[in-house]
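Visitor: got a structure for you, letters missing:
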């Protein structure tokens, strides 16, 4: 069991955090670049304008965590503890990160740049990609049932390689389903 338990605290700048459980905490503008979050649990926490570049999430518990205006580069989310895992992203930069094989149903990605991310073999049932740029992100053998892509752009999804039953697309972004056919749509 973790020795540190912190509840209802707000952290700013680059305060040093000890491994432990953080509940209902807010983290503002902290640079976590390269931090190892082994032994950390975050429950009902919000991260505002934080830098998570190259953080290590091995065994980290993320329960109902909100990332807002955060930079998440090179993050291997699949290393997180899967028990109770839930998070959302709003106005974030998620680049060169991986969600490989994760069960992240109903996850909300809003107004974010999600570039070169790997969603292969993940279950995203019911997720939302609201106004997200999915440039070079990979969807391979991914469950995309009931996912809302209506305002997403720059995605490439092969309907033959992914489960897309009842996924939502707009007329404007349907070309992302036809990329592999190398056809021109005007």
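Guide: That came through, no problem. Since we're looking at a predicted model, the values are computed, not measured. Numbering: from 1, shown residues only.

Visitor: how about the strands of the protein, start to end?
Guide: For the chain, the strands defined by DSSP state E occupy 4-7, 10-12, 20-23, 26-28, 41-43, 46-48, 61-63, 65-68, 71-73, 87-90, 93-95, 108-110, 113-115, 128-130.

Visitor: Can you add mean pLDDT and distance to residue 150 and give those strands back as CSV?
Guide: All C-beta atoms are positioned from the backbone trio N, CA, C, and that covers glycine. As requested, the strands of the chain are exported to CSV (pLDDT from 0 to 100; distance: least, CB to CB, whole Å):
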stretch, mean pLDDT, distance to residue 150
strand 4-7, 95, 38
strand 10-12, 94, 35
strand 20-23, 97, 35
strand 26-28, 97, 31
strand 41-43, 98, 30
strand 46-48, 98, 26
strand 61-63, 97, 27
strand 65-68, 98, 22
strand 71-73, 98, 24
strand 87-90, 98, 17
strand 93-95, 98, 19
strand 108-110, 98, 13
strand 113-115, 98, 16
strand 128-130, 98, 8
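
Visitor: Out of those strands, which gets nearest to residue 54?
Guide: In terms of CB to CB, the element of the strands of the chain nearest to residue 54 is strand 71-73, at 6.7 Å.

Visitor: hang on, the earlier thing: how about JSON lines for the strands of the chain, with mean neighbour count and distance to residue 140 added?
Guide: As requested, the strands of the chain are exported to JSON lines (neighbours: other CB atoms under 10 Å; distance: least, CB to CB, whole Å):
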{"stretch": "strand 4-7", "mean neighbour count": "12", "distance to residue 140": "39"}
{"stretch": "strand 10-12", "mean neighbour count": "13", "distance to residue 140": "37"}
{"stretch": "strand 20-23", "mean neighbour count": "18", "distance to residue 140": "34"}
{"stretch": "strand 26-28", "mean neighbour count": "17", "distance to residue 140": "33"}
{"stretch": "strand 41-43", "mean neighbour count": "20", "distance to residue 140": "29"}
{"stretch": "strand 46-48", "mean neighbour count": "21", "distance to residue 140": "29"}
{"stretch": "strand 61-63", "mean neighbour count": "19", "distance to residue 140": "24"}
{"stretch": "strand 65-68", "mean neighbour count": "20", "distance to residue 140": "24"}
{"stretch": "strand 71-73", "mean neighbour count": "20", "distance to residue 140": "21"}
{"stretch": "strand 87-90", "mean neighbour count": "20", "distance to residue 140": "21"}
{"stretch": "strand 93-95", "mean neighbour count": "21", "distance to residue 140": "18"}
{"stretch": "strand 108-110", "mean neighbour count": "19", "distance to residue 140": "18"}
{"stretch": "strand 113-115", "mean neighbour count": "20", "distance to residue 140": "15"}
{"stretch": "strand 128-130", "mean neighbour count": "21", "distance to residue 140": "16"}
